[in-house]
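A.B. asks: Structure of the sequence below:
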Amino acid sequence: FEVTELLDKTEAAYVFIAKFGAPSFGGLQNVNNALSRASAGGSLSAGELLKIANVLKVIRSVKAWRDNSASERETAIDYLFNALVPNKFLEEKITFCIKSEDEISDTASSTLCDIRRKITSKSAKIRENLDKIVRGQLSKYLQDAIITQRDGRFVVPLKAEHKGEISGIINDTSSSGSTLFIEPMA
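C.D. replies: Numbering: from 1, shown residues only. Here you go, the predicted model:
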């Protein structure tokens, strides 16, 4: 009996493929661990969420493939297709909010958009203050009239002999010791 049942399933799959071509399972990955962690209240990375979105896309496409072959009589493998539950809303929400494994879209939430806007605004003010130093009277104490970054902080290259002329935090020193990279208090 079991062999006959398995042969019926194999025949049904063969007939589908012969009549309609094989459905695409391209890019399908195992997301069981991520789903288990999420159902237990754990957090998922952007990459894991993108993999889940891809699985949802494949599920939707395989379900649509079977629906397009609906003229085919009920088969021994229909229970497999019926077990598929597409969730286009979740799939699109993930792909809308996550640009890549390394980047979340500003539009992911209004809070994130607001935070990034504030960061951009603050960065512009910092650059403006640094530009005043680089182009103003204090520029004579600088090694070069440039703004650079050290450890993610905006700094200006101060000549070592003028240490103390610009108040701020020294973030780095050149290998020769002649230049101090200072983050001005402004």
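A.B. asks: show me where the chain has helices.
C.D. replies: 2-20, 32-39, 46-68, 78-82, 88-97, 110-135 (DSSP state H).
A.B. asks: May I have the residues that are in contact with the residue lying closest to Val58 once chain neighbours are set aside?
C.D. replies: What sits nearest to Val58 in space, not counting adjacent residues and going by Cβ to Cβ, 6 or more residues apart in numbering, is Leu28, at 5.0 Å. (Each C-beta comes from the backbone N, C-alpha and C, glycine too.) If you count contacts by Cβ atoms under 8 Å, 6 or more residues apart in numbering, Leu28 has them with Asn54, Val55, Val58.
A.B. asks: can you tell me how far Leu28 sits from Lys125?
C.D. replies: 48 Å (Cβ to Cβ, to the nearest Å).
A.B. asks: Against Leu56, how distant is the residue nearest to Val58?
C.D. replies: Counting by Cβ to Cβ - Leu28 and Leu56 are separated by 11 Å.
A.B. asks: what does Thr179 give?
C.D. replies: Shown here: Thr179 relative to Leu56, a distance of 54 Å by Cβ to Cβ.
A.B. asks: If you count surrounding residues, which of those two has more?
C.D. replies: Higher neighbour count among Thr179 and Leu56: Leu56, with 21 against 18, using other Cβ atoms under 10 Å.
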